[in-house]
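> coords please:
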Amino acid sequence: METLAGINQINLRHQIINILIVDDRPENLLTLESIIEKEGRNIIKASGGNEALRLAIRENIGLILLDIQMPDIDGVEVAGLLRSNNKTRHIPIIFVSAVSKSERPPLSQFEEGTIDCLNKPLDLEETKMKVSFYERLFHISAQKKEAEIFAESISKQLEQFVYIVSHDLKAPLRAIENLTNWIADDLGNCTDPNTNENLILLRSRVHRMNSLLAGILEYSRSGRLSEELVPVDLNQMIHSIFESLEAPSDFKIVAEALPVIKTERTRLYKIFYSLIKNSIDHHNNPGQGILKISYQCTENGFLFFINDNGPGIKPQYLDQVFELFYTLKSKDEKETTGVGLAIAKKLIDDISGKIWIESREDEGTTVKFLYPHTS
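You can find the predicted model right below:
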């Protein structure tokens, strides 16, 4: 209910728009103000280019109506200066001028969709229509920003909820595991085969639940990851991960000439850890397993390739494997949590990267992910 109420508040809130009108003639300012004044609009007046620049930086301006011919700084120069400032560069500008269309300055130098023109003498309906249009764009943009802030807040609350719930569930699971061990100790060698099998099954279910909770905790923590950028030697990192996973002795990894990149060490470690572990865990013949890791440096970032000679994946499952808890085999057949690839995808998505899989059944799998450049 609180979530729906929050969304409704976003939709119903109507923010006042500050409209800056700029002209060196007081009578023109009064005329323009009388045309566009309306409830929900705060009209701010400037009598020259320099004053307009100061007001645009100081106030939260949603739209500027700017005269071109002014004695101190002409309107085109003012617009250029506004576009060079990060705070004011995206404010829509409507040039207001009596000069002919052929004498107007070229608008190609400005961002498309942020510059418009009105002719003097002003047409009442055209002026109102154009101002109303940009006013609607302002409100749409403001509501979008509020919705993004609200969504981020809900996401953080959800992550915190998942963390608390999964953490609190561990205590009763430990109690069940301890109770199972006590029952087994009390029964000693007197247990019949069915009882023994049930105790083993109960222990395996507790172990599976513990693994799932650990995966949920790891997934929730991945959304809060933020670290200082440091140089990371990927050759060292990859081999360290491989050794920590204790893969079968005949399983081989080939990863040479990988780059040293400046990034969040933990983020990149968790991504590679999840992907390498997934390749090892799901290999159908680990005694002959080969995992090759390579990369390309592209304009948008580092493109990594993780290729294995495992069983491959049917095309219809290539997108589903990134879903939380999704596994290709039943958990009774293969004891996995279905969390690893979801964590890797979340860590990559959070930095505007991309991950995908190319695979055919019985022909191995290549996981590709684009890791954006950091500065």
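
> give me every residue that touches residue 286.
Counting by Cβ atoms under 8 Å, 6 or more residues apart in numbering, residue 286 makes contact with 247, 248, 250, 251, 280. Every residue, glycine included, has its C-beta placed from N, CA and C.

> Buried ones among those?
With burial judged by 16 or more other Cβ atoms under 10 Å, the buried subset of those is 247, 251, 280.

> ok, now which ones touch the residue lying closest to residue 131 once chain neighbours are set aside?
Using Cβ to Cβ, 6 or more residues apart in numbering and skipping the chain neighbours, the partner closest in space to residue 131 is residue 36 (4.9 Å). Residue 36 sits next to 19, 21, 43, 65, 127, 128, 131 when contact means Cβ under 8 Å, 6+ apart.

> what do you get if the cut-off is 10 Å, keeping everything else the same?
Contacts here follow Cβ atoms under 10 Å, 6 or more residues apart in numbering; on that basis residue 36 touches 19, 21, 43, 63, 65, 122, 127, 128, 130, 131, 132, 135.

> Check what pLDDT it gets.
In the prediction, the pLDDT value recorded for residue 36 is 93.

> Ok, residue 108 next?
Looking at residue 108, its pLDDT reads 56.

> in the stretch 101-250 of the chain, which spans are strands?
For the stretch 101-250 of the chain, the strands defined by DSSP state E, counting those that start in this stretch cover 115-119, 230-233.

> The buried ones among the contacts of residue 286 into TSV, with extra columns for distance to residue 157 and pLDDT?
As requested, these are exported to TSV (distance: Cβ to Cβ, whole Å; pLDDT from 0 to 100):
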residue	distance to residue 157	pLDDT
247	39	82
251	42	89
280	35	88
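
> thinking again about what came up before, now the phi/psi pair for the residue nearest to residue 131, please.
Note on residue 36: backbone dihedrals following degrees, to the nearest 10 are phi -100, psi -10.

> try residue 296
phi -130, psi 140.

> go on, residue 273?
Backbone torsions of residue 273, given as degrees, to the nearest 10, read phi -60, psi -50.

> show me the contacts for it.
With Cβ under 10 Å, 6+ apart, residue 273 has these contacts: 237, 238, 240, 241, 242, 244, 245, 340, 343, 344.

> Tell me which stretches of the stretch 51-200 of the chain form helices.
75-83, 124-187, 193-222 (DSSP state H, counting those that start in this stretch).

> Tell me which of those helices is the most buried.
helix 75-83 (a mean of 20; mean count of other Cβ atoms under 10 Å).

> For the stretch 51-200 of the chain, which residues score under the pLDDT cut-off?
Filtered on pLDDT under 70, the stretch 51-200 of the chain yields the residue ranges 99-114, 166-167, 191.

> and the buried ones among the contacts of residue 286 as CSV, adding distance to residue 360?
Output for the buried ones among the contacts of residue 286, formatted as CSV (distance: Cβ to Cβ, whole Å):
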residue, distance to residue 360
247, 24
251, 21
280, 20
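
> quick one: which of those is nearest residue 358?
Nearest to residue 358 out of the buried ones among the contacts of residue 286 is residue 280 (Cβ to Cβ; 19.1 Å).

> And the helix or strand where that closest one lies, how far out from the chain middle?
Assigned by DSSP states H and E, residue 280 belongs to helix 265-281. Distance of helix 265-281 from its chain centroid, counting by Cα atoms, centre = their mean, to the nearest Å, is 20 Å.

> pLDDT score for residue 241?
Residue 241 is assigned a pLDDT of 92 by the prediction.

> so what's it up against?
Listed by Cβ under 10 Å, 6+ apart, the contact set of residue 241 reads 253, 255, 269, 270, 272, 273, 274, 275, 276, 277.

> Relative to residue 42, how far out is the last one?
It refers to residue 277. 57 Å (Cβ to Cβ, to the nearest Å).

> can you check the fifth one too?
The gap separating residue 272 from residue 42 is 53 Å, by Cβ to Cβ.

> What of the second one?
Taken as Cβ to Cβ, the spacing of residue 255 relative to residue 42 amounts to 60 Å.

> and these two? which has more neighbours close in?
Set residue 255 next to residue 42 and count neighbours by other Cβ atoms under 10 Å: residue 255 wins out with 20 against 14.
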